[in-house]
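Trainee: Kindly generate the corresponding structure for this input.
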Amino acid sequence: MARRSSSPPPCDCNMLKALPHVWLHPVHRRTAHETAGGMANSAGAMSPIQAPVPIYNGRKEFLEDLLRSWIREQAGQELCQPCQHQVRLDNAGIIVEQCDKGSLVIPLLLADCVEAALPSANSYLVALAPRPETRGVKGDAHPEHPSSPALQDVWLCCMSGSFLDLKEFFSDLSSRGALRWDLHDCYKVEEKCFAVGKCGQ
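Mentor: Here you go, the predicted model:
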């Protein structure tokens, strides 16, 4: 899911950040019969690739499989950064400036994000799956988990930089509400409960 606008949305300037080494994967301009991993995409302007069926469980595994599929397809190819669009962050999401086509906004609140290293040095592929807004819309949520909308749209971002640059990018995403699936890779999570308490009036 993404929003399109002729100008960037209002934002907190303190949260505005340019991403000169991040760009959308060229798959977002390709047609359905050219895509891989069982995903579909429509021709024309930038648009997300869509899951063949709504994904309610196994979101991380699905995104990891998708990244592996694209890395296999891109084997031996160089993912060059295009000059047609610029990418930056605001307080709500990722803004992609598309020359004369206005701005594409990828919302980050509760978006799933997963990364994978590309064969070329200091290059990464990041999958972002925004959560669709289901408030007031019937049929989008799982009948057993109405508060958990399905994973449907996926955006692939390419990034050039060091591993520390990647982690800084993920920190920027999580500070804007994105859900990182690398928690156990970055932090030591103790299973032991240290204390139990409650709040009273």
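
Trainee: use CA for all of it now, contacts and neighbours both
Mentor: Fine.

Trainee: quick one, phi psi at Leu173?
Mentor: Leu173 adopts backbone torsions of phi -60, psi -50, taken as degrees, to the nearest 10.

Trainee: OK, contacts around the nearest residue to it once chain neighbours are set aside?
Mentor: Excluding the flanking residues, the one nearest Leu173 by Cα to Cα, 6 or more residues apart in numbering is Leu108, at 7.0 Å. Leu108 makes contacts with Ala92, Gly93, Ile94, Pro130, Leu173, Arg176, Gly177, Ala178, as judged by Cα atoms under 8 Å, 6 or more residues apart in numbering.

Trainee: among the residues you listed, which are in strands?
Mentor: Gly93, Ile94 (DSSP state E).

Trainee: Lowest-confidence one in the contacts of Leu108?
Mentor: Looking at those by pLDDT, the weakest one is Ala92, with 80.

Trainee: Surely that residue is in contact with Leu110?
Mentor: No: between Ala92 and Leu110 there is no contact under Cα atoms under 8 Å: 10.9 Å.

Trainee: So for those two, which sits in the more crowded spot?
Mentor: Using other Cα atoms under 10 Å, the more surrounded residue of Ala92 and Leu110 is Ala92, with 22 against 16.

Trainee: so what's that one up against?
Mentor: Cys11, Pro107, Leu108, Leu109, Arg176.

Trainee: Check which helices and strands the helix or strand hosting Ile71 is in contact with.
Mentor: Using DSSP states H and E, Ile71 sits in helix 59-73. Packing partners of helix 59-73 (3 or more Cα pairs under 8 Å, 6 or more residues apart in numbering; DSSP states H and E): strand 112-117, strand 123-129.

Trainee: so Gly161 touches His21, yeah?
Mentor: Yes: judged on Cα under 8 Å, Gly161 makes contact with His21 at a distance of 7.1 Å.

Trainee: From Arg88, how far out is Gln50?
Mentor: 23 Å (Cα to Cα, to the nearest Å).
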